[in-house]
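Undergrad: Just a sequence and a predicted model for now, questions to come.
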Amino acid sequence: MLENNHTIHLTLNGESRAFTVEPRETLLHVLRERAHLTGAKKGCDLGECDACTVIMDGRAVNSCCVFAIEADGSTVETIEGIGTADEPHPLQRAFIDAGAIQCGYCTPGMIMAAKALLDRDPHPTREEIHAAMSGNLCRCTGYTRSRRPSSRPPGSLNSTRTERGHSSDGAASFRHCQPRHAAS
Ligand code: FES
Ligand code: FES
């Protein structure tokens, strides 16, 4: 182990996990390359596309913008933690039903952004949905269909599989680190 490496501890999709990381290693890299959770995508690696969105301590974050050592002690939820192919999360099912998926590259980030919003506020306004998902870029479907699932009745989107985090932050502080949507 290199001298400057650190061991971090995460509660990752409900499990206690430890990773030895380099100082400049991102949370996204740890998730994809060490934990082999490849749902969060490396799109731009610059905080511009939100394909890497995960939920950290109840907030949607761009995992490419979070150093792994910053995440030490955090609870992290990825798309793999909310549903499976056989038992999809209601949001995943709603995206399918709405025709909001084509190539699917952006979809995990969109669903995690939507889930963070709905965990915090089960009754978001249309404007709040747009604000919460405004950074999630999609080359395939456009943006109308991907916003519809978040406006479905809250009871139809309740998760039975995962414990939910809560945050009192408003939509403006939604992103942990993102140049175009910096927290205020
Ligand atoms: S990979 Fe594009 S915002 Fe992280
Ligand atoms: S479905 Fe292809 S990038 Fe969004």
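TA: Done, it's in. Nothing here was measured: the structure is a model prediction, and the numbers come from that model. Ligands and ions are numbered 1, 2, ... in the order given.

Undergrad: Give me the distance from stretch 66-79 to the chain's centre.
TA: Here stretch 66-79 is found 11 Å from its chain centre; the criterion is Cα atoms, centre = their mean, to the nearest Å.

Undergrad: Tell me the buried residues in that stretch?
TA: Residues 66-71, 74-79 are the ones in stretch 66-79 that count as buried (16 or more other Cβ atoms under 10 Å). Yep, even glycine has a C-beta here, placed from its N, CA and C like the rest.

Undergrad: how deep is residue 118 tucked in, by neighbour count?
TA: 24 (other Cβ atoms under 10 Å).

Undergrad: Over to it. Which of the three states is it?
TA: helix (DSSP: H, G, I helix; E, B strand; the rest coil).

Undergrad: Please verify my assumption that it contacts residue 151.
TA: No. With contact defined as Cβ atoms under 8 Å, residue 118 does not reach residue 151; the gap is 9.9 Å.

Undergrad: hmm, which two among the buried residues of stretch 66-79 are most spread apart?
TA: Greatest spatial distance among the buried residues of stretch 66-79 (Cβ to Cβ): 69 and 79, at 23.2 Å.

Undergrad: so what sits against both of residue 118 and residue 151?
TA: Common neighbours of residue 118 and residue 151, using Cβ atoms under 8 Å, 6 or more residues apart in numbering, are residue 124.

Undergrad: Mean confidence (pLDDT) on stretch 27-34, please.
TA: Throughout stretch 27-34, pLDDT has a mean value of 98.

Undergrad: what about it, start to end distance?
TA: Start-to-end span of stretch 27-34 (Cα to Cα, to the nearest Å) is 10 Å.

Undergrad: any idea how far the residue nearest to the spatial centre of the chain is from ligand 2?
TA: The centroid of the chain falls nearest to residue 54 when counting by Cα atoms, centre = their mean (2.3 Å). According to Cβ to the nearest ligand atom, to the nearest Å, residue 54 and ligand 2 sit 17 Å apart.
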